[in-house]
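A.B. asks: Mind folding the following:
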Amino acid sequence: MEFGILGPLLVRDEHGEHPVAAPKQRVLLAALLLRRDQVTPFDLLADYLWDGRPPRSARSALQNSVMRLRAALGPAGARLETRAGGYLLHAAPEEFDLERFTALHRRGLAALSRNADEEAADLLEAALSTWRGDALLDVPSDRLQHEQADRLADHRLQAVESRVTAELRLGRQSMVAELHALTAAHPARERFWVQLMTALHQEGRQAEALTTFQRVRRLLDEEFGVLPGPELRELHQRLLRPVATADPHRERAAQGVQAAQAASTTQGASATRGASATQGASAPRRTAPGRVPPPRQVPGRTPYGPRPDQLPAPLAEFTGRVAELAELTRVLTLPTGRLPRTVVVSGAPGSGKRVLAAEAARAVRRAFPDGVLRADLCGTRPAPASAREVLGHLLTSLGVPEQQLPADPAARAALLRRRTAGRRLLLVLEDARSAAQLRALLPSDPGCAVLVTSRRRLPELVGAVPLPLGPLPPAEAVTFLSRVLGSERAAAEPFALAELAALCEGLPLALRICARRLLARPELTAHRLAQRLAAPEHRLDELRCGELDLRAAIAGSYRGLEPALATAFARLALPGLATVGTRAAGELLGSSPVAAEHLLDRLVDAHLLTRRTPGRYRYPALLHAFARERAEALDSVGAGPAGAFFLTPRY
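C.D. replies: Reported below is the predicted structural model:
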């Protein structure tokens with residue numbers, strides 16, 4: 001049997017879930033679980049059910065609610081007993097998700113206090129995996145929410161802080177993205193800012209760590225009217241010292257663990273039972289040895305198949321995208337509904353969609369204890385991956401032997417839905433060409449989530465949350481270059497780096513190519529490279545370094561366009577003119593303005609144009625350079641001049 005309040009209310013046995021649909025019954029069940037194995041007085045239950053304003057008929061209405069709750073619980077209804085003065089619900093500690101969380105959290109803190117950091121990280125990860133969303137998510141009682149939900153949310157954040165402490169002690173990389181998301185979601189929680197600065201320091205990003213302190217100092221002053229606390233100020237001073245210390249986080253870890261342990265002592269069985277401060281707190285009840293599942297036995301995980309983790313190594317150059325990471329983290333960890341949560345990250349060629357998706361997946365991976373699956377749909381290649389191929393990859397990753405894979409794609413899709421049922425998996429599907437390519441690959445279980453990257457917006461993918469990516473802001477683009485080149489070289493040419501960032505239009509792939517070229521050739525200055533990029537006709541020739549090639553990236557998008565769109569993309573790129581209106585487009589294409597606008601809007605959906613104002617569109621400079629090349633290629637094969645006649649002021 002399993003009872004849960006750490007997310008939507010949960011009652012589950014070997015036969016499946018027993019939904020508790022009526023609001024009053026959900027309040028009643030939550031209140032009884034919070035004082036499990038203890039009599040909850042009639043008056044307290046009435047206060048929870050009617051938020052302190054019970055009617056005169058409260059006793060009889062409460063009896064009716066108890067009777068209906070027993071029926072909803074099925075066989076477990078026998079556990080709900082009427083006692084003198086109230087009601088009691090029997091539930092063993094290992095059957096209740098809050099007790100499992102509390103026990104695992106306490107064990108994790110104990111491991112942390114004795115410097116068993118890997119054990120602590122595993123235990124705290126297991127503790128956090130018991131959460132399925134906000135506590136008491138669907139329990140409609142203001143009083144219960146006020147007394148319990150905020151307190152439980154704070155315990156959850158304490159566990160997150162402790163788990164991050166363990167991972168920072170272990171020197172694990174890729175913590176920065178998660179901590180950016182945590183500080184965005186909880187800006188007043190200074191410990192997360194301390195941990196973010198520590199993670200940046202450990203990765204050698206000293207300047208960013210110091211900038212972060214200035215940012216949080218302004219935020220605390222402007223939003224909350226307070227100064228940074230002693231822990232933040234002390235870390236800031238440590239980072240300002242010219243000689244690096246051993247590890248500023250570890251030196252303070254013991255204090256943090258002691259504080260977390262002190263908070264945890266009020267969080268155990270007595271806290272879960274003492275649902276009202278006016279009722280007093282029971283003495284802590286220890287969980288019997290061996291009754292708590294070990295860290296890897298996460299509730300809700302199906303017994304078959306491996307736990308895949310197919311994320312690539314983090315990219316050292318990743319910079320910025322704080323707001324986008326926070327939004328992805330928020331959406332992917334929303335409480336479960338009827339369907340899997342799905343997000344489509346779309347953007348122009350080279351805008352960093354895959355890298356952002358990987359960073360977001362790393363930030364939320366602990367919310368998906370059954371693993372992270374990743375598949376490249378090859379949507380911008382001449383031959384996109386077929387549903388049969390991708391389904392085969394996903395199924396074998398979930399432990400299905402290759403010889404047992406069905407031949408028929410529809411049968412493979414059905415098997416994927418069965419294999420993901422009851423599991424909490426994150427699917428990262430990269431480079432999707434269309435919604436049709438995705439539909440057979442989507443799980444149906446609401447415990448799963450899907451993160452899609454595409455060069456197109458895919459509005460036809462029903463229920464998906466769109467996240468279009470624009471260019472990096474100028475300051476973040478310069479920071480990107482500075483991080484790769486190093487502080488000394490960046491400081492030598494600050495204006496040239498700003499010029500390079502502008503010529504790259506904040507496009508991460510273009511910035512990455514420039515940085516790699518400058519690293520590969522120490523004698524090449526940023527100023528000289530900017531001069532070479534300034535000529536539009538040679539810009540794409542310069543934006544190539546090894547396998548990194550911006551022209552090839554844009555060609556992948558162009559190749560996927562249907563003929564009418566490809567022709568429009570090339571024909572409308574007039575020499576020296578990056579903007580076009582619908583009337584001019586209609587004349588250039590030999591169509592009506594309405595038909596031309598339809599084509600232009602589709603190019604916007606493909607992230608090959610931007611819409612400036614209604615009826616007016618713009619080519620980003622790097623895409624304009626590519627489109628001009630295609631227009632000249634059309635001219636060379638006799639397809640007619642690319643609109644030179646129409647270069648008049650009226651357009």
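
A.B. asks: for this structure, which helix is longest?
C.D. replies: helix 150-169 (DSSP state H).

A.B. asks: State the phi and psi torsions of residue 440.
C.D. replies: When quoted as degrees, to the nearest 10, the phi and psi of residue 440 stand at phi -70, psi -10.

A.B. asks: And it, what's its pLDDT?
C.D. replies: With respect to pLDDT, residue 440 has a value of 89.

A.B. asks: Surely it touches residue 394?
C.D. replies: No - assessed by C-beta atoms under 8 Å, residue 440 is found out of contact with residue 394, at 10.5 Å. Every residue, glycine included, has its C-beta placed from N, CA and C.

A.B. asks: So between those two, which is more surrounded?
C.D. replies: Remark: of residue 440 and residue 394, residue 394 carries more neighbours, 26 against 18, as counted by other C-beta atoms under 10 Å.

A.B. asks: Now name the helix or strand holding that one.
C.D. replies: helix 387-397 (DSSP states H and E).

A.B. asks: Next up, the contacts around residue 573.
C.D. replies: Residue 573 makes contacts with 619, 624, 627-628, 630-631, 642, as judged by C-beta atoms under 8 Å, 6 or more residues apart in numbering.

A.B. asks: which is the next helix or strand following the helix or strand of the chain with the lowest mean pLDDT?
C.D. replies: Least confident helix or strand, the chain: helix 269-273 with a mean of 40, by mean pLDDT, DSSP states H and E. As assigned by DSSP H and E, the chain's next helix or strand after helix 269-273 is helix 322-332.

A.B. asks: angle of the helix or strand following that following helix against helix 322-332?
C.D. replies: Moving toward the C-terminus from helix 322-332, the next helix or strand (DSSP H and E) is strand 341-347. Calculated by axes from the mean of the first three to the mean of the last three C-alpha atoms, to 10 degrees, strand 341-347 forms an angle of 150 degrees with helix 322-332.

A.B. asks: for the record, mean pLDDT for strand 341-347?
C.D. replies: So the average pLDDT for strand 341-347 ends up being 95.

A.B. asks: Paired strands for it, with orientation please.
C.D. replies: strand 449-454 (parallel), strand 465-469 (parallel) (DSSP bridges).

A.B. asks: most tightly surrounded among the ones you listed?
C.D. replies: Highest mean neighbour count of the strands paired with strand 341-347: strand 449-454, a mean of 26 (counted as mean count of other C-beta atoms under 10 Å).

A.B. asks: Check the offset of that one from the chain's centre.
C.D. replies: Remark: strand 449-454 is offset 11 Å from the chain centroid, using C-alpha atoms, centre = their mean, to the nearest Å.

A.B. asks: how about the CA coordinates for that strand, as PDB?
C.D. replies: What follows is strand 449-454, C-alpha atoms only, in PDB (Å, rounded to 0.1, in the frame of the first residue of the first chain):
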ATOM      1  CA  ALA A 449       7.900  14.700 -19.800                       C
ATOM      2  CA  VAL A 450       9.200  15.500 -23.300                       C
ATOM      3  CA  LEU A 451      11.700  18.200 -24.300                       C
ATOM      4  CA  VAL A 452      11.800  18.800 -28.100                       C
ATOM      5  CA  THR A 453      14.200  20.900 -30.100                       C
ATOM      6  CA  SER A 454      13.400  22.100 -33.500                       C
END
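
A.B. asks: How about residues contacting it?
C.D. replies: Contact partners of strand 449-454, identified using C-beta under 8 Å, 6+ apart, comprise 328, 332, 340-346, 353-354, 357, 360-361, 364, 368, 379, 425-433, 438, 442-443, 458, 461, 464.

A.B. asks: Quick check: residue 624 touching residue 576?
C.D. replies: No - between residue 624 and residue 576 there is no contact under C-beta under 8 Å: 9.6 Å.

A.B. asks: Is the closest residue to residue 312 other than its chain neighbours within a helix or a strand, and which one?
C.D. replies: Spatially, and ignoring its direct neighbours in sequence, residue 312 is nearest to residue 358 (5.7 Å; C-beta to C-beta, 6 or more residues apart in numbering). Using DSSP H and E, residue 358 sits within helix 353-364.

A.B. asks: which other helices and strands contact that helix?
C.D. replies: helix 176-185, helix 322-332, strand 341-347, strand 426-432, strand 449-454 (3 or more C-beta pairs under 8 Å, 6 or more residues apart in numbering; DSSP states H and E).

A.B. asks: Next, the angle strand 426-432 makes with it.
C.D. replies: Using the same axes, to 10 degrees: helix 353-364 against strand 426-432 is 170 degrees.

A.B. asks: The following helix or strand past helix 353-364 vs helix 353-364, what angle?
C.D. replies: Downstream of helix 353-364, the first helix or strand assigned by DSSP H and E is strand 372-376. Strand 372-376 and helix 353-364 are oriented at 170 degrees to each other (the same axes, to 10 degrees).

A.B. asks: Contacts only, for residue 71.
C.D. replies: residue 77.

A.B. asks: quick one: it and residue 79, what's the gap?
C.D. replies: 13 Å (C-beta to C-beta, to the nearest Å).

A.B. asks: same thing with residue 201?
C.D. replies: The value you get for residue 201 to residue 79, if C-beta to C-beta is used, is 52 Å.

A.B. asks: what's the closest non-adjacent residue to residue 423?
C.D. replies: residue 370 (4.2 Å).

A.B. asks: Could you tell me how many residues sit around that neighbour?
C.D. replies: 23.

A.B. asks: Could I get the full set of helices for the stretch 401-550 of the chain?
C.D. replies: 409-420, 435-439, 474-485, 487-492, 494-503, 508-520, 526-533, 536-542, 550-559 (DSSP state H, counting those that start in this stretch).

A.B. asks: Okay, now the unreliable bits of the stretch 301-450 of the chain?
C.D. replies: Within the stretch 301-450 of the chain, the stretches with pLDDT under 70 are 301-306, 316.

A.B. asks: just to revisit the earlier point, distance to residue 613 for the strands paired with strand 341-347 - can I get that in TSV?
C.D. replies: Shown next, in TSV, are these (distance: least, C-beta to C-beta, whole Å):
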stretch	distance to residue 613
strand 449-454	26
strand 465-469	18
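
A.B. asks: do you know which of these lies nearest residue 563?
C.D. replies: Each of these has some distance to residue 563 by C-beta to C-beta; the shortest is strand 449-454, at 20.9 Å.

A.B. asks: can you pull the buried residues of the host helix or strand of residue 119?
C.D. replies: Element membership for residue 119 (DSSP H and E) is helix 117-128. For helix 117-128, burial by neighbour count (16 or more other C-beta atoms under 10 Å) applies to 117, 119-128.

A.B. asks: same deal with stretch 221-230?
C.D. replies: Buried, per 16+ other C-beta under 10 Å, within stretch 221-230: residue 228.

A.B. asks: cool, and stretch 410-421?
C.D. replies: 412-413, 415-416, 419-420.
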